[in-house]
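Student: whatever this is, show me its structure:
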Amino acid sequence: MIENNDLNKEKCLIVAININNSEEENDLDELEDLVAACEAEVVGTVTQNRRSKDANLYIGLGKLEEIKVYAEELEADTIIFNDELTGSQIRNIEDIVEIKVIDRTTLILDIFARRALTNEGKLQVELAQLKYKLPRLAGLNAGLSKQGGGIGSKGPGEKKLELDKRHILRRVEELQDQLNRIEKVRETKRKKRLKDEVPVVSIVGYTNAGKSTLLNALMEYSNTGDEDKQVFVKDMLFATLDTEHRKIRLPGGRFVIFSDTVGFIKKLPTQIVKAFKGTLEEIQYASLILHVMDINDEHLELHKQTTTDLVEQISGKDIPLASVYNKIDKQTDKNFLQTNNTLYISATSKINLDSLLEYVDTAINGEKANYLLKIPNSDLKTYYEIYGKRYTFNEEFDAEGVSFESIIYDDEIDNYSKYIVEKLS
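Tutor: Residues are numbered from 1 along each chain as shown. Predicted coordinates:
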């Protein structure tokens, strides 16, 4: 484990290739953020323009020799490549540079291993790490003796990787069995929600877009009584991995469950997607998806497309989706044009949360209006039924029954039409 102290931080040299001048291939700012999430520091960067990746060394031999000299000058401990490498590529590169080499996937897996808090999260991450390293054992074995602590050492360690493939495959099978049992429990809870007819709104987005902050803000704004069940929030990549569910009352009085999923990222390792499949598949059962984005993100369009592609891959069906641009409090001009499925909010400053909840209410439940109702004493059970499901106002009891105001949705007008005195708004 790397100490949170500048003197003891792992020094990393990051390397990327730029294929045909593609900005997407060379997002070193994000790679630096990933390194920081591992409590390490970037001491230098190297890029090379290429038409394609080298099959053996990923990068050109001449450039790799320059990297070796540069790493020695910087006293770097680790070289990190901004792409996924094969086991043989890692071995070949380490033979030349003579220090530890890891790739972007290993870096992300290490972050997930550090962030995993629940038993399920730890199982998912270990499974992803083993499935990633299993086909690379032959290429990695030569370099294992060089690797001590630092990035890439969190999770299955050297001793586990020295076991033969049969033992690793057995562990993979054990992990999968445990996750399957957890998935059965999740399926039972999911069926109960569906039986209770409580719709689910899935919050998705690029990592650090403010999804968890939004969920906390909605709980506070709606006065759910669950303010003590705050979701962990921190300004860093992948602050939370576990899916969180919170029941929130909408403006019309009906309840909905907001589900906060793990954040997405460009080149999210396929092993992570597969290992977290059970968790991410919660999106499939959503009635509505809120795609939360940081409006101040300089790579907004790229990150938006990354999330859109992953959601389409996971959901597998056409679910209504709204674009929610977050952090508008940091914008100078706040005159944003809100449309039917595009909203602008600030979860931190609680700007436009009322509009967001109104949108969700209408998208899921349809139109509604405020009515004055009169229910006779002979049918007070209907009053208590309404009272238990939604907001009621200005109740007045008399010898004949009870008069009150309540919001009624269009899809239930027929149920209460005989009690409606007038439509108020």
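Student: I'd like the next helix or strand past the least confident helix or strand in the chain by mean pLDDT.
Tutor: Lowest by mean pLDDT, DSSP states H and E among the helices and strands of the chain is helix 158-161, with a mean of 50. Sequence-wise, the next helix or strand beyond helix 158-161 is helix 165-195, with elements assigned using DSSP states H and E.
Student: quick one: buried residues of that next one?
Tutor: Using 16 or more other CB atoms under 10 Å as the test for burial, helix 165-195 gives 168, 171-172, 175, 179, 182-183, 186, 190. All C-beta atoms are positioned from the backbone trio N, CA, C, and that covers glycine.
Student: what's the answer for stretch 371-388, then?
Tutor: Applying a neighbour-count criterion of 16+ other CB under 10 Å, one finds 371-375, 382-383, 386-387 buried in stretch 371-388.
Student: identify the residues contacting that stretch?
Tutor: 392, 399-408, 416, 419-424 (CB atoms under 8 Å, 6 or more residues apart in numbering).
Student: what would the buried residues of stretch 371-388 look like in JSON lines with distance to Ser212 and secondary structure?
Tutor: Shown next, in JSON lines, are the buried residues of stretch 371-388 (distance: CB to CB, whole Å; DSSP: H, G, I helix; E, B strand; the rest coil):
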{"residue": "Tyr371", "distance to Ser212": "37", "secondary structure": "strand"}
{"residue": "Leu372", "distance to Ser212": "40", "secondary structure": "strand"}
{"residue": "Leu373", "distance to Ser212": "39", "secondary structure": "strand"}
{"residue": "Lys374", "distance to Ser212": "45", "secondary structure": "strand"}
{"residue": "Ile375", "distance to Ser212": "42", "secondary structure": "strand"}
{"residue": "Thr382", "distance to Ser212": "40", "secondary structure": "helix"}
{"residue": "Tyr383", "distance to Ser212": "39", "secondary structure": "helix"}
{"residue": "Ile386", "distance to Ser212": "34", "secondary structure": "helix"}
{"residue": "Tyr387", "distance to Ser212": "33", "secondary structure": "helix"}
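Student: can you select the buried ones from the contacts of stretch 371-388 in ChimeraX?
Tutor: Filtering these down to the buried ones (16+ other CB under 10 Å) takes a single ChimeraX command:
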select :392,401,402,403,404,405,406,407,408,416,419
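Student: just the ones of the contacts of stretch 371-388 in helices?
Tutor: Those of these mapping onto helices are Tyr416, per DSSP state H.
Student: among the contacts of stretch 371-388, name the ones in strands.
Tutor: Within those, residues falling in strands by DSSP state E are 392, 401-408, 420-423.
Student: so which of those is the closest to Glu75?
Tutor: Among the ones in strands among the contacts of stretch 371-388, Ile407 lies closest to Glu75 (CB to CB), at 66.2 Å.
Student: mind giving me the domain ranges of the chain?
Tutor: 11-161, 197-364, 367-423 (automatic domain parsing).
Student: can you give me the end-to-end distance of stretch 193-207?
Tutor: End-to-end distance for stretch 193-207, by CA to CA, to the nearest Å: 27 Å.
Student: okay, buried residues for that stretch please.
Tutor: 199-207.
Student: with secondary structure and pLDDT added, can I get the residues you listed in a markdown table?
Tutor: A markdown table is the format used below for the buried residues of stretch 193-207 (DSSP: H, G, I helix; E, B strand; the rest coil; pLDDT from 0 to 100):
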| residue | secondary structure | pLDDT |
| --- | --- | --- |
| Pro199 | coil | 91 |
| Val200 | strand | 91 |
| Val201 | strand | 94 |
| Ser202 | strand | 92 |
| Ile203 | strand | 93 |
| Val204 | strand | 92 |
| Gly205 | strand | 91 |
| Tyr206 | strand | 90 |
| Thr207 | coil | 84 |
